[in-house]
Every structure is written in C-alpha cells, then in structure tokens.
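# one predicted model, sequence on top.
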Amino acid sequence: MSQPPLPFTSDKITTLSVDQLWELADPDLLGKAKEDRRVERKPAAIRPQELAEYFSMRANTATEGGVIAIGVANDGTMAGHRCIEIEHINKLESEAHTRCPDAHVQPKRILVKRTVDGADDFVLLLRVHYHPNRVVHTTSGDAFIRRGESKNRLTPHEIRDLQNDKGEVRVEQELYPSYKFPHDFKPALVRDFVTNVRANLTERHADEEVLAIRRLGELKSGTFVPNGACVLLFASDPLLIPRRASAFPSV
C-alpha cells in the first residue's frame with residue numbers, strides 16, 4: 001500500500017524549480033509557497049488586463065518564468081473561485097492571454113478545500129514561460145519585469161536594452177540618431193510617402209509625426225530619430241548603416 005506524500009516544508013519548497021512547483025502543485029504546496037521570484041498569489045477577482053501585465057512580467061524575467069496561483073490569499077489560505085461568476089473565470093483563462101498574445105501560458109485547475117468553510121473549490125494555476133527571444137508586451141504596448149518583489153513597467157530605453165540582450169532588435173528597428181531629419185533624407189521620397197499616409201489620417205500631423213506613426217522612428221524631446229527602416233527607405237546614403245550600427249548608442 002503506497003504511503004501518502006509527506007507534507008512540504010519551507011526549506012523543501014525553496015529548492016524547487018518553477019517546473020517542479022508546476023508539476024507538484026497541490027493544496028499543501030500552494031498554501032506554503034510564498035510569493036517570490038517563482039510564485040505569484042492573486043485573488044480570483046483580478047482583472048484580465050492586470051493579469052496580462054503579470055504574463056508580460058513573468059515572460060520577461062529570466063530565466064524560468066513563473067507560476068501564478070489565482071484564488072490563494074496572501075496568507076496562503078484557499079479562497080477559491082466559487083464566489084466569482086464563471087464568465088469572469090473564463091476571461092482570466094482567455095482574455096488575459098488575448099491581451100498578452102506573445103506570452104506562453106499553460107493553465108490548470110487544482111482542487112482545494114476552501115479555508116473559510118471547507119467547501120470544495122479550485123485554484124487556477126498558470127505556468128508562464130520565460131521568452132528567450134522576445135520582449136513580451138501587452139496589447140497596450142507596455143512591458144514589465146520583476147525586480148525584487150515588485151512588478152516594474154519597463155521604460156523605452158530598458159525595453160531596447162532587453163531586446164538587444166535577447167537579440168530581438170534588427171537593423172531596421174534600431175534607431176540611428178546620427179542621421180539628421182530632414183537633412184540626410186531625400187525630400188521627394190519623404191513627401192510622397194507622407195502625403196499617401198495623410199490621406200488615411202483624420203488629424204493633421206507633421207512629417208515627423210507621420211513617420212513615427214508608421215513606426216519609422218521615434219520622437220525624442222520633439223526631435224525625430226529615424227530607425228534603420230526609415231534610413232533604408234529614404235536616406236540619401238543608406239549604405240552607411242553597416243559600419244554605423246556598432247558605433248551608435250541606442251537613445
């Protein structure tokens with residue numbers, strides 16, 4: 001006759017990897033695994049948009065990603081989901097992923113007894129994998145990372161640094177501040193492009209704003225900084241990119 005598994009101790013839990021936490025998760029483990037670099041505890045009422053931000057954070061935080069336990073209180077008690085409408089739970093499993101589509105997330109439900117009354121319930125467990133090749137954004141355009149015990153929104157400069165670390169930024173996406181707009185660009189080509197784009201815009205925008213809208217660069221303190229795609233399309237001498245790429249810092 002097989003023996004029941006021994007209860008998890010705090011020392012044992014701290015040695016488990018994220019994958020082991022995911023595979024071994026049961027009510028005892030979920031109640032004792034405190035929030036750290038591997039685990040998040042969230043209430044069942046969490047909004048899909050907020051959950052999507054945690055998807056981004058876990059997918060961007062090297063190197064294991066993490067596990068999110070929804071329905072476990074901060075003190076480890078089992079709150080469960082039964083008091084929440086099923087439509088909300090379905091949104092957590094679907095809409096949150098829709099709001100952070102590049103995140104690789106596995107869901108499963110762990111049966112538990114609610115601490116408050118001993119009734120049958122469940123915890124929604126989500127395994128978020130680290131993305132080694134891409135900075136994972138929400139559909140709002142934000143990207144997050146975990147620092148210490150906090151979720152932090154990355155600045156544009158931090159996003160670019162992380163993209164470089166992951167090898168994500170290609171030449172056509174990199175900014176080239178040594179190309180000065182409009183001086184280093186062919187005015188006729190820029191004019192034709194901007195005119196065509198403006199025909200589909202409802203508001204009036206300056207040339208630089210139109211190029212930024214079409215993701216051909218960024219506005220930095222009111223100055224348009226072209227990226228590699230803009231340089232390749234419109235610059236008077238785009239062949240300077242290969243030797244400039246390693247010399248120019250990101251801005």
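That came through, no problem. Remember, predicted model here, so these are calculated numbers, not experimental data.

# any idea how far the residue lying closest to residue 198 once chain neighbours are set aside is from residue 28?
In space, and not counting its chain neighbours, residue 198 is closest to residue 210: 6.4 Å by Cβ to Cβ, 6 or more residues apart in numbering. For the C-beta atoms, the positions are set from N, CA and C on the backbone; glycine is no exception. Per Cβ to Cβ, to the nearest Å, residue 210 is found 59 Å from residue 28.

# picking that back up, and the residue nearest to residue 198, how many neighbours?
Using other Cβ atoms under 10 Å, residue 210 is surrounded by 20 other residues.

# show me this protein divided up by domain.
10-165, 187-244 (automatic domain parsing).

# closest to the centroid, which residue in the protein?
Among the residues of the chain, the one closest to the centroid is residue 56, at 2.3 Å (Cα atoms, centre = their mean).

# would you agree it is in contact with residue 139?
No. Taking Cβ atoms under 8 Å as the definition, residue 56 is not a contact partner of residue 139, at 10.2 Å.

# what is in contact with these two at once?
Between them, residue 56 and residue 139 share these contacting residues under Cβ atoms under 8 Å, 6 or more residues apart in numbering: residue 100.

# would you point out the helix or strand in this structure whose mean pLDDT is lowest?
Counting by mean pLDDT, DSSP states H and E, the chain has its least confident helix or strand at helix 241-244, which shows a mean of 46.

# which strand residues bridge the closest residue to residue 181 other than its chain neighbours?
For residue 181, ignoring the flanking residues on the chain, the nearest one in space by Cβ to Cβ, 6+ apart is residue 224 at 4.7 Å. Taking DSSP bridges as the rule, residue 224 bridges to residue 219.
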